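> structure of the sequence below:
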Amino acid sequence: MLKQQRAIRTRQTILTAAAKIFEERGYRAATITEILSAAGVTKGALYFHFSSKEELAQGILREQDQSLPIPDRASKIQQTVDTVLLHAYRLQHDPMVRAGVRLSLDQQAGEVDRRRPFTHWGDIIGELLEKAKAQGELLPHVSASETADVLVASFAGIQAMSQVMSDYQDLLARVNALLRHLLPSVALPSVLAAVDITPARADAIADELRVSPEQEAARGRAAPVS
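Below is the predicted model:
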């Protein structure tokens, strides 16, 4: 058990260091030597967990899928909004998420499968919008899959602009503007009247989902070793 826990910690240390290097330098310019130095591990330890720089990048992209899901909300439009706001919050506060987003948009990372973050978030948003439609929250003409595609693509552009303009400091304000412009063309006015899209809600969601040390330890014990 102790050996497994050490392996889990070493793997996470390597991923965290790789995320820092990929975010700062981009995929092509980042080197295994830099990642080893940042992680403070041996080459053997790194290659025990990851066979290549490409596999490291894929590991970081997969980390974005490990976040706790938004608890069920009565309004699926509110749950959709909360999902978007939480991702924006994590971009501001989580280097692993920032690195994953940079990798997903990095055209120099040609050998890395960069489609997964887009399809993953498209599936999540699309499923929530399908449920919203089933509950009668959407306007009659709205396609859940098409709207999910537009929302994911718009968010990608907004976060890229925010990163350049303010290092993500204005991201929640930009997301609020996106939602104010998009949602009236998607959801019924009576539904929108009760939906909170304010930047302050992102902090409240993060507090709601904050993991205790005991929960974090339990998740670590359950994590696979690769």
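
> I'd like to know which elements the longest helix along the chain is packed against.
Longest helix in the chain, counting residues (DSSP state H): helix 2-29. In terms of contacts (3 or more Cβ pairs under 8 Å, 6 or more residues apart in numbering; DSSP states H and E), helix 2-29 is packed against helix 32-39, helix 43-49, helix 53-63, helix 95-105, helix 213-222. C-beta here means a position set from N, CA and C on the backbone, and glycine is covered the same way.

> and the contacts of the third one?
Spelled out, it's helix 53-63. If you take Cβ atoms under 8 Å, 6 or more residues apart in numbering as the criterion, helix 53-63 is touched by 14-15, 18-19, 22, 27, 30-32, 35, 50, 96-97, 99-100, 103-104, 109, 111-114, 116-117.

> next secondary structure after that helix?
helix 76-93 (DSSP states H and E).

> ok, and for that next one, which residues are buried?
Neighbour-count burial for helix 76-93 flags 76-92 (criterion: 16 or more other Cβ atoms under 10 Å).

> where in the protein is pLDDT low?
1, 64-68, 109, 211-226 (pLDDT under 70).

> quick one on the thing from earlier: which of the helices and strands packed on helix 2-29 has the highest mean neighbour count?
Ranked by average neighbour count under the criterion mean count of other Cβ atoms under 10 Å, those are headed by helix 95-105 at a mean of 22.
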